[in-house]
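Chemist: sharing a model prediction with you, sequence too.
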Amino acid sequence: MDALTAVILAAGSGSRLGGVAKALLRRGEHSYLATIIATAREVGLVDAVVVVGPPYGDAIAEHARSLELRLVYNPEPARGMASSVAIGFAALGAGTAAWLWPVAQPRFGDRGGHPPLVARALWARLAGCAALDGGARTVIAAADVVRVAVDDPGVVRDIDTPLDLEEPA
C-alpha cells in the first residue's frame with residue numbers, strides 16, 4: 001500500500017472571512033481540520049504536516065496536536081500560499097504521495113479543486129515553489145495530472161467570506 005501523507009495549509013489570516021481561523025471553524029460537531037484528517041485517515045493517511053502561522057498559529061497548533069498531527073511554522077504567511085506550500089513540502093518525510101490540502105476548499109463536474117494528490121517526484125519542486133511565478137500552480141500544471149470527478153458539489157466550495165459559510169440552497 002502507498003504511504004499517503006498530506007500538507008495541510010492552515011496559516012491564513014482569514015481576513016476575507018472577518019478574521020477567523022478557517023481550520024477551527026466548525027461544521028456540525030467537528031472543526032474543518034478534524035474533518036479533513038478524519039477523511040484522509042479513512043483512505044490511508046499515515047502522516048500529515050499542518051502549516052500554521054500568525055495570527056492563529058498557536059490556537060491551530062494546539063488543535064492539530066490534539067489530532068496527533070505534525071506542525072511546521074510559516075513566520076510570514078502574508079507572502080502568499082506558495083510560501084506555506086514550500087514549507088510544508090520541505091517538511092515531509094517518508095511517503096509515496098501527499099495531498100496538498102488547503103483547509104477550506106476539491107473536483108466536481110468540469111471544475112477542478114482540492115486536494116490534489118501529489119507524487120513524491122514533485123515534492124522537491126513544490127518545496128521550491130515560493131520562488132516561482134504562479135507558485136504551486138506552475139508545478140502542478142507542468143505535471144502529468146489525472147483528474148478524478150466526484151459526485152459532490154461541496155468539493156469546489158471555497159470558504160473565504162461569511163456568505164460562503166451559508167449552506168447552498
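Modeler: Arrived safely, thanks for sending.
Chemist: for the rest of this, base every contact and every neighbour count on C-alpha atoms.
Modeler: Fine.
Chemist: burial check on Asp144, number of neighbours?
Modeler: Neighbourhood size, Asp144 [other CA atoms under 10 Å]: 8.
Chemist: so how far is the helix or strand containing Trp101 off the chain centroid?
Modeler: According to DSSP states H and E, Trp101 maps onto strand 97-102. Distance, stretch centre to chain centre, for strand 97-102: 6 Å (CA atoms, centre = their mean, to the nearest Å).
Chemist: tell me the angle the strand or helix carrying Ala82 makes with strand 97-102.
Modeler: Element membership of Ala82 [criterion: DSSP H and E] is helix 81-91. Angle, helix 81-91 to strand 97-102, by axes from the mean of the first three to the mean of the last three CA atoms, to 10 degrees: 150 degrees.
Chemist: residues contacting helix 81-91, please?
Modeler: For helix 81-91, contacts defined as CA atoms under 8 Å, 6 or more residues apart in numbering pick out 7-9, 11, 49-51, 72-74, 77, 100, 123-124, 126-130, 135-136.
Chemist: residue contacts, the spatially closest residue to Leu122 that is not a sequence neighbour?
Modeler: Spatially, and ignoring its direct neighbours in sequence, Leu122 is nearest to Val139 (7.6 Å; CA to CA, 6 or more residues apart in numbering). Counting by CA under 8 Å, 6+ apart, Val139 touches Leu122, Arg125, Leu126, Cys129.
Chemist: where along this protein do the helices fall?
Modeler: 32-42, 57-66, 81-91, 123-127, 135-141 (DSSP state H).
Chemist: of these, which is nearest Gly19?
Modeler: Across the helices of the chain, Gly19 has its closest neighbour in helix 57-66 (13.1 Å, CA to CA).
Chemist: quick one: list the elements packing against that closest one.
Modeler: With contacts defined as 3 or more CA pairs under 8 Å, 6 or more residues apart in numbering; DSSP states H and E, helix 57-66 has these neighbours: strand 45-52, strand 70-73.
Chemist: thinking again about what came up before, just the buried ones from the contacts of helix 81-91?
Modeler: With burial judged by 16 or more other CA atoms under 10 Å, the buried subset of the contacts of helix 81-91 is 7-9, 11, 49-51, 72-74, 77, 100, 123, 126-130, 135-136.
Chemist: about what we covered before: list the neighbouring strands of the strand holding Trp101 plus their orientation.
Modeler: strand 4-9 (parallel), strand 117-119 (antiparallel) (DSSP bridges).
Chemist: worst average pLDDT in these?
Modeler: Note on these: lowest mean pLDDT is at strand 117-119, with a mean of 89.
Chemist: list the buried residues for it?
Modeler: Buried residues in strand 117-119, defined by neighbour count with 16+ other CA under 10 Å: Leu117, Val118.
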